[in-house]
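Q: this one's sequence-less:
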C-alpha cells in the first residue's frame, strides 16, 4: 500500500513509497482495529519533519511515515474490541503512546517525564499518511456519522480542549471560578478551534492576531459572536482595557514575546495557557517586577500544554457535535485546502510552505465508502 514518508535527519526527503498492509492481528490479544484512512490533516509539524528539524524513524527502519491528524473508517476489528467500535465506524486515533513513565501507565502519556517519547507520525512510530493502519482500540475514538465531513479536525481540536479543560481543572482550587472573558492569541487553525471551544463554554471571546481586516479568519471569529483585533491597530494592553479583564488567555501564535504582554493583560485569578512550541533564540525586554507582583497579588496561573489525553479527545468529539448544532457549517469553512491523494505530497508541502491563506491543509486519501484506485 502507498504511504508518504521521510528519511529522518535528511532535509526535503519526503517521498511516496510502498509499505506492507498491516493485518488486524498485528496488535496482540485481539485488541486490534484496522482502519481505512479517509483524510489526514497536515500542519507545521509535518513541514518541520520534512525539513529534518526533528523526528525519528521506528527502531530498525530508515523511514518514518508522517501524518498525525487522522480520520478514517473501521474495516476490521479483533475479537476483544468493544462494540462501540465496529466495521463502518468513523474514528480518529490519538498521537502519543506510553513509554516508561508512570503517567503513561495511567493513560496520561501527554504528561510523560520521559526524555524519549513516542508519537505516531512524529517520533519513533509511523503515522497516518497511508492507506490503512492498525491500532489498539484504546487509542481509537469513535465519531458519529454527522461528523464525517469535519472529523479530521478532531486532533487539532484536542490541543484546545486540553488547554481549556486544564484551566478549569487548575481553578477548582478557587471552589467557585466563573470565568467570563477569554482572549485567544493567534488566528490559525488551533487559535480558531480554541475560540470555538471558548464560545461553547459560554465565554465572551476576543481573538488577537497579526493580520488586519478584511481577513477570512476574522470573519470566522465574528461568526462565533467574537471580536477580532489586529495587533497592527491595538496593543494587547489596550485590548485588555477595552475587552477585559481576561480570565483566560490562550497563546497559539508561535511568537514567544507575546507571552509577557499576555501575562500583564491577564485578570486576577486568571489562567494563561501556553500552547506554542517556539524554537529559536528570541529574547524580550519585560516588566518583570510588574508581572511578578500581579501574579503574586492576583493569584494568577501560567501553564504549558502539549498533546492531549483520552478525555480531551472525548470532550473534543462532544464539542464538534455541539458546534455543528450551534454554528452549522462553521467547521467546514476551516477545511480550505484539500490535496487529492497521497501521490500529491509535493503539492501538500507547497501549500504548507507557501499558501498563507490556508487554514487547514488536508490530504484526501480515500473517499467515504470506497477505496481510491
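A: In hand now; what should we look at? The model shown is predicted, which means the values in this text are computed figures rather than measured ones.

Q: Direction included, what does the one helix or strand residue 205 maps to pair up with?
A: Element membership of residue 205, judged by DSSP states H and E, is strand 204-209. Strand pairing for strand 204-209, using DSSP bridges, gives strand 181-185 (parallel), strand 227-230 (parallel).

Q: which other residues reach it?
A: 180-187, 191-192, 195, 198-199, 217-218, 221, 224-231, 236, 239, 243-244, 246, 253 (CB atoms under 8 Å, 6 or more residues apart in numbering). Where you see a C-beta, it was placed from the backbone N, CA and C, and this is true even at glycine.

Q: Including mean neighbour count, could the strands paired with strand 204-209 go into JSON lines?
A: As requested, these are exported to JSON lines (neighbours: other CB atoms under 10 Å):
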{"stretch": "strand 181-185", "mean neighbour count": "29"}
{"stretch": "strand 227-230", "mean neighbour count": "20"}
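
Q: need those strands in JSON lines with distance to residue 282 and mean pLDDT, can you?
A: Shown next, in JSON lines, are the strands paired with strand 204-209 (distance: least, CB to CB, whole Å; pLDDT from 0 to 100):
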{"stretch": "strand 181-185", "distance to residue 282": "15", "mean pLDDT": "98"}
{"stretch": "strand 227-230", "distance to residue 282": "21", "mean pLDDT": "98"}
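
Q: Now distance to residue 98 too, for the ones you listed, in JSON lines please.
A: Shown next, in JSON lines, are these (distance: least, CB to CB, whole Å):
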{"stretch": "strand 181-185", "distance to residue 98": "31"}
{"stretch": "strand 227-230", "distance to residue 98": "40"}
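
Q: Indicate which one of those strands is closest to residue 312.
A: Among the strands paired with strand 204-209, strand 181-185 comes nearest to residue 312, with 17.2 Å by CB to CB.

Q: which residues touch the closest one?
A: Taking contacts as CB under 8 Å, 6+ apart, the residues outside strand 181-185 that touch it are 191, 194-195, 198, 203-209, 236, 239-240, 243-253, 258, 262, 265, 267.

Q: Just the ones in strands from those residues, please.
A: Residues of the contacts of strand 181-185 located in strands (DSSP state E): 204-209, 246-251, 267.

Q: Pull the contacting residues for the nearest residue to residue 224 once chain neighbours are set aside.
A: Computed as CB to CB, 6 or more residues apart in numbering, the closest residue to residue 224 that is not its neighbour in sequence is residue 199, at 4.8 Å. Residue 199 sits next to 205, 224, 225, 226 when contact means CB under 8 Å, 6+ apart.

Q: so who does residue 244 touch?
A: 181, 183, 206, 265, 267.

Q: Please apply the same query to residue 45.
A: Residues in contact with residue 45 (CB under 8 Å, 6+ apart) are 68, 122.

Q: element containing it?
A: Residue 45 is part of helix 44-50 when elements are defined by DSSP H and E.
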